[in-house]
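> Sequence and predicted structure are below.
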Amino acid sequence: MATAHVNTTELQRFRLDDRVAVVAGGSGGVGVRTCAALAGVGAKVAIIGRSEAGLATARGAVEEAGGEALVIAGDMSEKAAADDAVQQTLDAFGRVDVLVNGIGGGAGTALHAAEDYPQADWNRILDLNLTTALLVSQAAARAMVAGGRGGAILNISSVRGQLGIDAGFSAYVAAKGALDALTRQHATEWAKHGIRVNTIAPTFVRTEQAAELLAAPGFYDNLVSRIPLHRIAETDDLVGAVLFFCSEASSFVTGQLLTLDGGLTATQ
């Protein structure tokens, strides 16, 4: 019987040596894991977040993976802050090759009946889940265009961008659906510059941020009963897709959405 041979050069397609990745929302649970994964394949990582403790954790994860980290604190719903974050990355590392837009969430803090949804919560959830991605993407895209090397932008959306839910999620569902559409638009406009834009859409991911909602009576059991794999996502479940979309492994892929949901949308 022939011995199986692994061509290790194929795995080089997933490497990001000499590349610089910006992770917006890098201080969250998914963000920390994303930062570590990108560093693990050779990238220098600029970590954007608002949590001092989360930023420190993300820095530690990058350094433990053998990478170099730049920590940037700021509110990315403000254009000046987003522009400054990308400029800090350029000043420190000289280039921007990859952007992961991972700022978001907050759905469990803004649950209201659709007919009475308050504008203040609407604006807050859209700013957190949509405006941040727009502003950081614009700043990163300008840097990528100026650099002349193309780049990769990955938005982290949600299955709720495709599926309604009778649980008061109007703003969150609207924001994620708009992010999916913005992915297609940015991919179309920026393709001429060699910039690819894609989206992953997980179902619930087990993080500290989601813990309170997942702990609500009956919520978890009801959720997993509708997922064919009968569990929610762990942060590790996102890593393969993140590395695919951020690397040359997906060099002919743009404007696409990959749902990471244990089969949930397949049943709808």
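Nice, I can see it.
> Next, residue 73: phi, psi?
phi -100, psi 140 (degrees, to the nearest 10).
> And the helix or strand harbouring residue 222, what does it pack against?
Following DSSP states H and E, one finds residue 222 within helix 219-224. In terms of contacts (3 or more CB pairs under 8 Å, 6 or more residues apart in numbering; DSSP states H and E), helix 219-224 is packed against helix 211-214. C-beta: built from backbone N, CA, C; applies to glycine.
> Residue 237 contacts residue 200, doesn't it?
No: using CB atoms under 8 Å, residue 237 is not in contact with residue 200; the gap is 10.3 Å.
> Return every residue with contacts to both of the two.
Common neighbours of residue 237 and residue 200 (criterion: CB atoms under 8 Å, 6 or more residues apart in numbering): residue 260.
> Helix, strand or coil: sort out the nearest residue to residue 26 once chain neighbours are set aside for me.
Nearest non-adjacent residue to residue 26, counting by CB to CB, 6 or more residues apart in numbering: residue 47, 3.7 Å away. Following DSSP: H, G, I helix; E, B strand; the rest coil, the label given to residue 47 is strand.
> And for the helix or strand following the helix holding residue 222, what's in contact with it?
Toward the C-terminus, helix 219-224 is succeeded by helix 239-246 as the next helix or strand (DSSP H and E). If you take CB under 8 Å, 6+ apart as the criterion, helix 239-246 is touched by 14, 16, 21, 33-34, 37-38, 41, 98, 100, 152, 154, 196, 198, 200, 249-250, 253, 258, 260.
> ok, and the helix or strand in this structure with the lowest average confidence?
Every helix and strand of the chain was ranked by mean pLDDT, DSSP states H and E. The lowest is helix 211-214, at a mean of 79.
> Now that helix - C-alpha only, CSV.
Coordinates of the C-alpha atoms in helix 211-214 are reproduced here as CSV (Å, rounded to 0.1, in the frame of the first residue of the first chain):
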residue,chain,number,x,y,z
ALA,A,211,-23.0,33.9,28.6
GLU,A,212,-26.0,35.8,30.1
LEU,A,213,-28.3,35.3,27.1
LEU,A,214,-27.3,31.6,26.9
